[in-house]
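S.K.: with the sequence up front, the predicted model follows.
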Protein chains: 2
Amino acid sequence: MIFSCKQETKVRIEDNKATEEVVDIDPLPSWNDGTTKQAILDFVSKTTAEGSADFIPVEDRIATFDNDGNLWSEQPVYFQLVFAIDEIKRLASDHPEWATEQPYKAILEGDVATVLAGGEAAIVKLVMQTHGNITTDEFDKNVRDWLATATHPKTGLHYNEMIYQPMVELLEYLRANDYKTFIVSGGGIDFMRVWVEEAYGIPPYQVVGSSVKTKFEIGEDGVPKLVKLPELNFIDDKVGKPVGIHQHIGKRPVFASGNSDGDYQMLQWTTTATGYPRFGLLLHHTDADREWAYDRDSHIGQLSKGLDDASKFGWTVIDMKQDWNTVYPKIKV
Amino acid sequence: MIFSCKQETKVRIEDNKATEEVVDIDPLPSWNDGTTKQAILDFVSKTTAEGSADFIPVEDRIATFDNDGNLWSEQPVYFQLVFAIDEIKRLASDHPEWATEQPYKAILEGDVATVLAGGEAAIVKLVMQTHGNITTDEFDKNVRDWLATATHPKTGLHYNEMIYQPMVELLEYLRANDYKTFIVSGGGIDFMRVWVEEAYGIPPYQVVGSSVKTKFEIGEDGVPKLVKLPELNFIDDKVGKPVGIHQHIGKRPVFASGNSDGDYQMLQWTTTATGYPRFGLLLHHTDADREWAYDRDSHIGQLSKGLDDASKFGWTVIDMKQDWNTVYPKIKV
């Protein structure tokens, strides 16, 4: 039987007679009973019980979550890259030179394989083109417009409908227990902030991500603006994650959740600290039917070193197929 | 009469008879009645009253505060510079070469004027020496140890006792009205985070400041650590403040408070935005008896352009001598 932390009194009316019964509320209904769910419930329970030797004061209840492949899907390519590709198509009529210049030419010909073959240099070029030389307000609007219209080729869902219901429940469960939930993602900080508050209940100031440099300018109309520059500022991935956590949060997490080797150092930084109990959580994509199955050889979200070292560090590994009875929210966001 | 936002019911027992009376609670008791206090109370009142045309939803109630000279004193030199100077003295026995090298030589001879005459280059050298090549944990400890022992030459107080009681009340008043309070300071983010939670009730993840770069490393003992490098990462001053706000907070403030021209762009960025009412607050140091009096010609916290343009932007200017009946907390922190 699963441990439940909350109970609810329900009134049942039968033969005109009301009786009360106490019902357990499952804070994680999309998680199947088993060791993974139990480990999460046990950790939250013991760290929030007053008088427990494992008690963590509220101000130190910091939980960090990767985003791509951890809170929403990331296949067949990162959704932010889909945004960049769609933006190139949208802007192409103003750039006749793109008809002959890579990676734009490949995009306009619908040849994503060639774009990806261009490697990091091609991706950075796309990102700078679509995320730079634009005000922060204009960029927000572009992301918002794209989310409202673009749909995923496999599921037909809007991209922000491909968030993981079990993780949304986990975020809410942690917050209900006075944990502060942060996103710590290799994705773009400005790209995420547009939609994560509605999707996950995480406000913009609790989002850590990669960024380009930004410049304060007074426009010709005398109105100040912030302009995103086509110049990298920070890459919030791998060894960058503990750095980003320090820079933005300034406290070491007690709970960290990720799904790839890009999260390895974040989990390592979190779970090797002394003083409090710590929790490391890795999502293993094992569900080719409802989502995707990939790990050691994936071109995206590669998970290899993390699987090797999970037991050494005491990290809990989610088996998506076994542990989740639901993947995406049933009610559209 | 001052507008008061909260009332308290007190029970008075007289002749064995209990009577209730309604008493106004002044949320800003260290502020004298007058236009400054009234402007603050009016703004908070109108932006938090449900149904008011000026209502601001809770998620957009973002308030930013400069620190040096705005939440605590900054004369005769920034307190963080005093820390750096004291650290040089503490570390001198390991550095015999400092006996002949500036600015160290001047510090060891107690000649702060020569240190300051070295300008920004000397200051940066000091900061890099004392804030770089050190783990984040070691740096925290150094700041903590210094705060516990060092005292200010004029007041004899510990530096974290020289916080402004009226501003502490303002921070609490805003938070009681569901505003999120952030520090946005040119001071070092790691230096501030050690003590601001206790002093102002502002957690580390709501502090924006200047920083050096940080590197994630695995120590020889196999334990991960973050090392502060002697290399500038970000200067959170002047045009850097709106940039820092965007990077850390990701929302435009509706309330911004500062005291020098280093805060000009933060107030400009805040108060020229459309949509909601906005509040800009400038602290004018006019109290040579209880604190210091300085503005246009000060070598620290110069306030000139802000005074010129306050009325143009509708910023409220605090006259410290007139508006505050208390400067520092009476009970030691």
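M.R.: Received the coordinates, thanks.

S.K.: ok, now how distant is the residue most central in space within chain A from A:T155?
M.R.: By CA atoms, centre = their mean, chain A has its centre lying nearest to A:N67, at 1.5 Å. Applying CB to CB, to the nearest Å, the value for A:N67 to A:T155 is 18 Å. From N, CA and C alone the C-beta is placed, and that goes for glycine too.

S.K.: and what of A:G244?
M.R.: To A:T155, A:G244 is 30 Å away according to CB to CB.

S.K.: what of A:T316?
M.R.: Distance, A:T316 to A:T155, by CB to CB: 27 Å.

S.K.: which one's more surrounded, these two?
M.R.: Each of A:T316 and A:T155 had its neighbours counted (other CB atoms under 10 Å in any protein chain shown), and the higher figure belongs to A:T316 (19 against 15).

S.K.: contacting residues around that one?
M.R.: By CB atoms under 8 Å, 6 or more residues apart in numbering or on different chains, the contact set of A:T316 is A:35-36, A:39-40, A:279-282, A:310.

S.K.: for it, which non-adjacent residue is closest in space?
M.R.: In this structure, A:T316 finds its nearest non-sequential neighbour in A:A39, 4.8 Å apart by CB to CB, 6 or more residues apart in numbering or on different chains.

S.K.: any of the contacts of A:T316 buried? List them.
M.R.: Among these, those classed as buried by 16 or more other CB atoms under 10 Å in any protein chain shown are A:36, A:39-40, A:279-282, A:310.

S.K.: B:P29: which of these is nearest?
M.R.: Distance to B:P29 across the buried ones among the contacts of A:T316 (CB to CB) is lowest for A:F279, with 43.7 Å.

S.K.: surely the closest one is in contact with A:G258?
M.R.: No: the criterion here is CB atoms under 8 Å, and A:F279 misses it with A:G258 at 12.0 Å.

S.K.: enumerate the residues of the stretch 201-333 of chain A near chain B.
M.R.: Contacts of the stretch 201-333 of chain A with chain B, taken as CB under 8 Å from any CB of the partner chain, map to A:203-207, A:211, A:214-216, A:223-224, A:226, A:233, A:239-240, A:242-243, A:246-251, A:265, A:268-269, A:272.

S.K.: sitting in strands, which of these do you find?
M.R.: With DSSP state E as the criterion, strands contain A:207, A:211, A:214-216, A:224, A:226, A:233 from among these.

S.K.: among those residues, who's most crowded?
M.R.: A:V207 (26 neighbours).

S.K.: specify the beta-bridge partners of the residue nearest to that one when sequence neighbours are not counted.
M.R.: Among residues not flanking A:V207 along the chain, A:I183 sits closest, at 4.7 Å (CB to CB, 6+ apart). With DSSP bridges applied, A:I183 shows beta-bridge pairing to A:F65, A:V207.

S.K.: which ones are touching A:I183?
M.R.: Taking CB under 8 Å, 6+ apart, we find A:I183 in contact with A:64-67, A:71, A:192, A:196, A:200, A:202, A:206-209.

S.K.: distance of it relative to A:G258?
M.R.: Applying CB to CB, one obtains 11 Å for the distance of A:I183 from A:G258.

S.K.: ok, stretch A:173-181 near chain B or not?
M.R.: Yes: with CB under 8 Å from any CB as the criterion, chain B is reached by stretch A:173-181 at A:K180.

S.K.: buried sites along that stretch?
M.R.: The neighbour-count check on stretch A:173-181 (16+ other CB under 10 Å) flags A:173-174, A:177, A:179-181 as buried.

S.K.: tell me the gap between it and the middle of its chain.
M.R.: How far stretch A:173-181 lies from its chain's middle: 16 Å, per CA atoms, centre = their mean, to the nearest Å.
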